[in-house]
Structures are given as structure tokens and as C-alpha cells.
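J.: this one's structure only:
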């Protein structure tokens with residue numbers, strides 16, 4: 001069963017919460033982070049993307065970057081922008097975007113659960129990304145990146161959280177510049193804490209990483225690095241657990257920079273072997289069902305519908321991204337590994353179809369593919385069967401903000 005614990009969060013004074021809260025470090029480039037933090041000395045990006053405070057030519061993985069993060073974290077404490085909670089607490093985090101609400105529990109989850117596959121994965125990690133977070137955690141002593149976990153909803157947990165958020169006043173409640181509302185309640189009552197811990201221990205056998213595979217893997221490897229002299233807090237890592245019935249996965253689309261020698265005519269002919277190809281025209285095509293894709297080429301959208309027999313029906317093979325890889329990317333474009341091939345890029349569904357059109361119309365890319373999103377049940381099935389999704393298969397919105405709740409591994 002899932003092991004969770006309350007923790008003594010490092011968090012902002014209420015009057016600084018909106019200024020501190022920042023987009024996750026891994027959705028912004030250094031240049032974008034610098035613009036986001038401009039004029040805001042309280043932005044948590046000074047800690048998660050600390051290269052913005054160093055000369056532009058510096059390697060973002062240089063030791064100086066992690067030392068700067070530590071100095072900035074210490075400065076935030078000294079300036080009393082942040083404070084350290086006096087007792088272990090749970091926290092309820094609600095996000096509202098476009099009128100849709102999702103509410104989760106912020107806690108620490110056991111590294112043992114990660115190692116023993118109680119916390120289930122669906123994605124491979126990259127060593128370079130792991131090492132970046134390992135260095136950041138080790139030098140700062142802080143897990144600044146929240147791991148987004150999902151679980152099959154439990155009525156008793158839903159009732160508890162609803163009652164608490166209805167009866168209590170949130171400690172933080174603000175609307176960010178992107179119009180997403182962030183509200184956080186502090187649970188510091190001993191009986192309530194015990195109730196929550198027991199509910200998860202009794203009713204939640206496993207949790208699933210929705211977003212944050214690299215953050216979770218890094219926390220586990222930091223613990224390994226202590227070689228037996230492990231600080232107690234390092235046995236846990238920062239997580240927010242959401243019931244699956246409040247979550248939906250957005251599409252994660254592809255753009256490709258060359259046609260691998262194809263003309264428009266030869267590309268359409270190659271596609272017609274495995275797909276029914278229908279010219280839609282200038283109106284953007286956002287797929288309405290699985291096994292249907294949109295393709296944007298030379299100013300027009302095409303509907304591609306996979307023909308029967310063109311894909312497998314196992315948990316991985318049935319995914320549209322697998323159908324794309326098997327029938328288009330590899331045989332037509334010679335893209336064998338999406339993680340390493342520089343000719344392909346990924347566009348999260350939050351950016352809309354216009355972002356795909358823009359990348360192609362600019363000449364930067366030659367063709368774009370829009371995909372139907374993976375479902376939560378598909379994600380669970382893949383993780384339960386110890387399978388791994390193709391890279392960049394899921395996109396979740398809204399994103400948890402960094403800086404509102406941080407877990408210190410040295411206390």
C-alpha cells in the first residue's frame with residue numbers, strides 16, 4: 001500500500017506566494033526563465049533556473065549554477081520570503097483552469113515505494129536529466145520539483161478533502177498570470193493527519209507517476225548516494241497525489257523538419273498504404289477519436305484514419321503515438337528513436353493547433369501531426385503491465401507551481 005508522510009514544508013510568506021510561484025523548471029528554457037523572472041527578485045526561478053543570475057555563456061550544468069541556486073535559496077530565507085514550517089503538515093492543492101478544478105494532496109512519498117514499484121512508472125528517464133536534478137538536490141538540500149502522482153479515486157479521501165476545503169480558509173489563494181487559480185490549504189491538525197495517512201495506507205495500493213519521472217528517479221538516486229548514512233527526510237520525496245477522476249491528459253503532437261526526400265505526392269501515396277487519407281483544407285484538424293490523426297502540410301490539413309490491421313491491439317501498440325511511429329515516423333521518415341532524432345520536435349496540446357501551423361508555416365518544420373490523447377486508463381494499464389510508453393506521450397495541464405511547497409532533505 002502507498003506510504004505517505006506529512007512534512008515540514010519550506011514555503012513562502014502569504015504576501016509573497018504569487019511572486020514566488022513559478023512554472024516548473026523543465027517547461028522553460030533558460031532564456032524563457034530569464035524573461036519570466038525579470039523584475040521579480042522573489043521568483044522561485046532564481047532557485048530552479050539559477051543560471052539566469054549568471055553570465056549567459058555559462059553551461060547550465062556547471063557547478064556554479066547549483067552553487068548559485070543554493071545561495072539564492074539561502075537568500076530567500078534570510079530575506080524572509082520563505083520560511084520553514086514548524087511541524088509536519090499535509091497540504092491540499094487546488095488548481096482551476098478554464099473553469100475546471102482538480103484538487104490533490106501534497107505530501108512526501110516513500111522512496112521505497114518508488115524502488116519497489118508501488119509508485120508505478122510509464123516512461124524511461126534520461127541520465128543527463130537525472131544528473132541535473134541529482135546535482136540540484138544534493139547542493140541545495142531541497143527537492144524543489146513536485147512529482148505529480150495519480151491514483152484511482154477513493155470516496156472516503158474525496159469526502160475528507162472536500163470537507164476540509166469547504167470548512168477551512170486556504171493559506172494561499174491567487175490567480176497566476178496565465179489565469180490559473182492556485183489555492184493551498186494547510187492541514188496541521190494531528191487527528192486529520194492521522195486520518196489521511198491511514199486512508200492512503202488502507203485504500204490506495206499503488207500510485208502512478210503522471211508527470212515527474214526524472215524528479216522521482218533523482219530523489220531515489222540521491223538517497224543511494226548517502227551510502228548508508230541517510231538523512232531521514234531523504235527517504236521521502238515531494239509529491240502531489242490527484243484522484244484520476246479529476247484528471248485528463250492532453251494531446252502531445254509532433255512536428256518534423258524534413259520530408260526525408262519525399263514530395264507531397266509521394267508522401268500522400270506512402271501514407272495511403274496504412275491510412276485512409278482525406279483532404280480537410282485550411283481548417284485545423286484536432287482528432288476527435290483514437291486512430292485518427294491530423295497532418296498539416298503545405299497549408300492544408302489532412303485526416304489520417306488508420307486502416308484495420310495496421311496496428312497491434314496490445315496496451316502499447318494500440319496507442320496513436322505507437323501507430324504514428326510504426327506506420328509513419330520509422331518507415332516514411334526514417335525516425336527510429338524519437339528521443340534522439342533532431343528532426344522531430346514535440347508540441348504540447350496546451351499550445352493548440354495554431355502552434356503546429358506556425359512551426360510549419362515559418363519554414364522551420366515541414367509537416368505536423370496532431371494526435372488523439374492517451375486516456376488515464378491507458379496510462380494505468382501500461383504501468384500495471386510494466387510497459388513503457390513511447391516518449392512524450394502525455395501532457396498534463398494545469399502545471400503545479402514550483403516554490404509554493406519545497407521538501408528539505410537536510411533538517
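T.: Yep, that arrived. Everything numeric here is computed off the predicted structure, so don't read it as measured data.

J.: Pairing partners for the host helix or strand of residue 103, with directions?
T.: Residue 103 belongs to strand 100-110 when elements are defined using DSSP states H and E. Strands that pair with strand 100-110, judged by DSSP bridges, come out as strand 4-5 (antiparallel), strand 90-97 (antiparallel), strand 236-243 (antiparallel).

J.: How about residues contacting the first one?
T.: With C-beta atoms under 8 Å, 6 or more residues apart in numbering as the contact definition, strand 4-5 has outside contacts at 88, 105, 107, 108, 109, 110, 196, 197, 200, 236, 239, 241. Every C-beta, even on glycine, is put in place using the N, C-alpha and C of the backbone.

J.: Setting aside sequence neighbours, what's the nearest residue to the third one?
T.: Distances taken as C-beta to C-beta, 6 or more residues apart in numbering place residue 4 nearest to residue 107, at 4.4 Å, with adjacent residues excluded.

J.: Next, count neighbours for the residue nearest to residue 131 when sequence neighbours are not counted.
T.: The shortest distance from residue 131 to any non-neighbouring residue, by C-beta to C-beta, 6+ apart, is to residue 61 (7.6 Å). The burial count assigned to residue 61 is 13, neighbours taken as other C-beta atoms under 10 Å.

J.: Tell me the confidence at residue 61?
T.: Residue 61 is assigned a predicted lDDT (pLDDT) of 94.

J.: quick one: contacts for it?
T.: Applying C-beta under 8 Å, 6+ apart, the residues near residue 61 are 128, 131, 132, 135.

J.: Would you mind checking those residues for buried ones?
T.: 132, 135 (16 or more other C-beta atoms under 10 Å).

J.: wait, which of the contacts of residue 61 is closest to residue 390?
T.: Checking these against residue 390 by C-beta to C-beta gives residue 128 as the nearest, at 19.5 Å.

J.: On the three-state scheme, the residue of the chain positioned farthest from its centre is what?
T.: Centroid-distance maximum for the chain: residue 265 at 38.1 Å, with C-alpha atoms, centre = their mean. For residue 265, the assignment made with DSSP: H, G, I helix; E, B strand; the rest coil gives helix.

J.: any idea how far it is from residue 252?
T.: 29 Å (C-beta to C-beta, to the nearest Å).

J.: residue boundaries of the helices in the stretch 201-350 of the chain?
T.: 213-225, 264-271, 320-324, 330-333 (DSSP state H, counting those that start in this stretch).

J.: quick revisit: chain center to the strand holding residue 103: distance?
T.: Strand 100-110 has its average C-alpha position 13 Å from the chain's average C-alpha position, going by C-alpha atoms, centre = their mean, to the nearest Å.

J.: Identify the residue nearest the geometric centre of the protein.
T.: residue 211 (3.4 Å).

J.: Distance check, it against residue 293.
T.: 24 Å.

J.: Any regions of this structure where pLDDT drops low?
T.: Nowhere does the chain drop to pLDDT under 70.

J.: which helices and strands sit right next to the longest helix along it?
T.: Assignment by DSSP state H gives helix 63-78 as the longest helix of the chain. Judged by 3 or more C-beta pairs under 8 Å, 6 or more residues apart in numbering; DSSP states H and E, helix 63-78 is in contact with helix 45-48, strand 82-84, helix 127-140.

J.: thinking again about what came up before, thought residue 393 was touching the residue nearest to the centre of the chain, still the case?
T.: No: Residue 211 is beyond contact range of residue 393, at 11.5 Å (criterion: C-beta atoms under 8 Å).

J.: coming back round to it: name the residues of the strand holding residue 103 that are buried.
T.: Quick answer for strand 100-110 (16+ other C-beta under 10 Å): 102, 103, 104, 105, 106, 107, 108, 109, 110.
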